[in-house]
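>>> everything below, folded, please.
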Amino acid sequence: MTTSTNLLTTRPGPHRPAQRKNYTKTNWDNYARDLTLAPPPDLPLTNTIDIDNQIQLTTDTIKSALDNNSPNYKPPRAHKDFLLPQPLLQLIRLKNRLRKAYQRTRNLLTKQNINRLTNQIKRQLTNFHANRWADACSKVDTNTSPSERWKIFKRLSGNSQKAPYPTLVTPQTTARTDQEKATLLNQTMDQIQRNHNDPHFNNAHLDHVNNYILTHQHLFNPLPALQPDPPLDPLTSPFQEAEIKLALKKTKNTTPGTDGIPFKALKLAPPALLTHLARLYTACLSLGYFPRPWKIARLTMIPKPGKDHSNPKTTAHSPYLAP
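Predicted structure coming up:
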């Protein structure tokens, strides 16, 4: 966690990050108009590579229409839970005054006081954010509504209020850096998401299924290319726009996946885009191919309240998939 202790306003550098877009205030009429006038081009869909290229092109087209008709996101004001206490603010102001004095006088004693205050402020900031994080997590339980839980999570994980994830400890290793923690959580999830293995589990049936897959691999891999005259079967009949529209109507407006496209963007899509998606889905079904971009999920790990947060198994996870 890095938290600035400088209250002075500085001029931004020449390379500024791209502005986030606020999709809650999108002009949906203009969005639908843009996609109607310039829908994603239809590429030939004869193999899995063509499908992957078409998915990327479709995603870019939808994102472009969204961004062109959405205002920039304005970060909300700091929540009252994250307002720094007055004693800490006074220390920061004192440090800034001493720094100005040191820039004029270059007094070594002033420099020593600045270093001492900087270390003191860093310690207090770390304790402040850790306590706020623990207090907020302790208020979340099974009775907390999903919407309220999401608000708390967003408040805790905002760009300007990032709370430190605790150090993770197992008998084999200790994860301190973000990369080490992500790797350890990934390994833990892989160990947990395994086949159920208890006295009532039928190993003979599992062996039968595994052997069948090994001896019939051609049935479990995508076709190399579309068949010229696919057999007529209700299970593989072409998708219709009405089917997609009905499925979207039943879908909740959940958090978007890694592509950043909300479900609302598909629900309010013009007929031209639905026709395009129907063609894409039909090609996936005909080839027996589930595109990798639609399998990737972003997992948010949330420490469970009242548990040992150094144990990677005491975390709840929320997956977010692409629409």
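
>>> rest of the way, CA atoms for contacts and neighbours
Will do.

>>> kindly state the pLDDT recorded for Leu94?
Here, the pLDDT recorded for Leu94 equals 92.

>>> okay, and it sits in which element?
helix 86-105 (DSSP states H and E).

>>> elements contacting that helix?
helix 108-138 (3 or more Cα pairs under 8 Å, 6 or more residues apart in numbering; DSSP states H and E).

>>> so the helix it packs on versus helix 86-105, what angle?
Between helix 108-138 and helix 86-105, the angle comes out at 150 degrees (axes from the mean of the first three to the mean of the last three Cα atoms, to 10 degrees).

>>> and helix 108-138, average pLDDT?
88.

>>> which SSE is immediately downstream of that helix?
Scanning onward from helix 108-138 (DSSP H and E), the first element met is helix 146-156.

>>> partner strands of the very next helix or strand once past that next one, with direction?
Next helix or strand after helix 146-156 toward the C-terminus (DSSP H and E): strand 168-169. According to DSSP bridges, strand 168-169 has the following sheet partners: strand 174-175 (antiparallel).

>>> so which residues make contact with the strand it pairs with?
The contact list for strand 174-175, computed with Cα atoms under 8 Å, 6 or more residues apart in numbering, reads Thr167, Leu168, Val169, Lys181, Leu184.

>>> now the element after that strand, going C-ward?
Assigned by DSSP H and E, the successor of strand 174-175 is helix 178-192.

>>> export that following helix to CSV, keeping only CA atoms.
In CSV, the C-alpha atoms belonging to helix 178-192 read as follows (Å, rounded to 0.1, in the frame of the first residue of the first chain):
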residue,chain,number,x,y,z
ASP,A,178,0.9,-9.0,-4.2
GLN,A,179,2.2,-11.4,-6.8
GLU,A,180,3.1,-14.0,-4.1
LYS,A,181,-0.4,-13.6,-2.6
ALA,A,182,-2.1,-14.0,-6.0
THR,A,183,-0.1,-17.1,-6.7
LEU,A,184,-0.9,-18.7,-3.3
LEU,A,185,-4.6,-17.9,-3.6
ASN,A,186,-4.6,-19.4,-7.1
GLN,A,187,-3.0,-22.6,-5.8
THR,A,188,-5.4,-22.7,-2.8
MET,A,189,-8.4,-22.4,-5.1
ASP,A,190,-7.0,-25.1,-7.4
GLN,A,191,-6.7,-27.5,-4.4
ILE,A,192,-10.2,-26.7,-3.1
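
>>> per-residue confidence averaged over the next helix or strand along the chain from that helix?
Past helix 178-192, further along toward the C-terminus, the next helix or strand under DSSP H and E is helix 203-215. Averaged over helix 203-215, pLDDT sits at 85.

>>> hmm, back to that, chain center to the helix holding Leu94: distance?
38 Å (Cα atoms, centre = their mean, to the nearest Å).

>>> buried ones in that helix?
Leu88, Leu91, Ile92, Lys95, Asn96, Leu98, Arg99, Tyr102 (16 or more other Cα atoms under 10 Å).

>>> rewinding a little: now a PyMOL select for only the buried ones of the contacts of strand 174-175.
To isolate the buried members of these in PyMOL, using 16+ other Cα under 10 Å:
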select buried, resi 167+168+169+181+184
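
>>> let's have the contacts of strand 174-175 in a markdown table, adding distance to Ile152.
As requested, the contacts of strand 174-175 are arranged in a markdown table below (distance: Cα to Cα, whole Å):
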| residue | distance to Ile152 |
| --- | --- |
| Thr167 | 22 |
| Leu168 | 23 |
| Val169 | 26 |
| Lys181 | 22 |
| Leu184 | 25 |
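
>>> Thr24: which of the contacts of strand 174-175 is nearest?
Lys181 (32.6 Å; Cα to Cα).

>>> can you give me the domain assignment for the chain?
Residue ranges for the domains of the chain, per automatic domain parsing: 27-64+161-193+220-323, 83-151.

>>> make a markdown table out of the ones you listed and add distance to Ile213.
As requested, these are exported to a markdown table (distance: least, Cα to Cα, whole Å):
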| stretch | distance to Ile213 |
| --- | --- |
| domain 27-64+161-193+220-323 | 7 |
| domain 83-151 | 40 |
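
>>> still on that earlier bit, check the buried residues of helix 86-105 and tell me the two furthest apart.
Largest separation among the buried residues of helix 86-105 by Cα to Cα: Leu88 and Tyr102, giving 21.0 Å.

>>> most packed of the domains of the chain?
domain 27-64+161-193+220-323 (a mean of 15; mean count of other Cα atoms under 10 Å).

>>> and that domain, how far from the chain's centre?
Worked out by Cα atoms, centre = their mean, domain 27-64+161-193+220-323 lies 11 Å from the chain centre.

>>> tell me the mean pLDDT over that domain?
84.

>>> strand partners (parallel or antiparallel) of the strand or helix carrying Arg298?
Using DSSP H and E, Arg298 sits within strand 297-303. Strands adjacent to strand 297-303 in the sheet, as given by DSSP bridges, are strand 315-321 (antiparallel).
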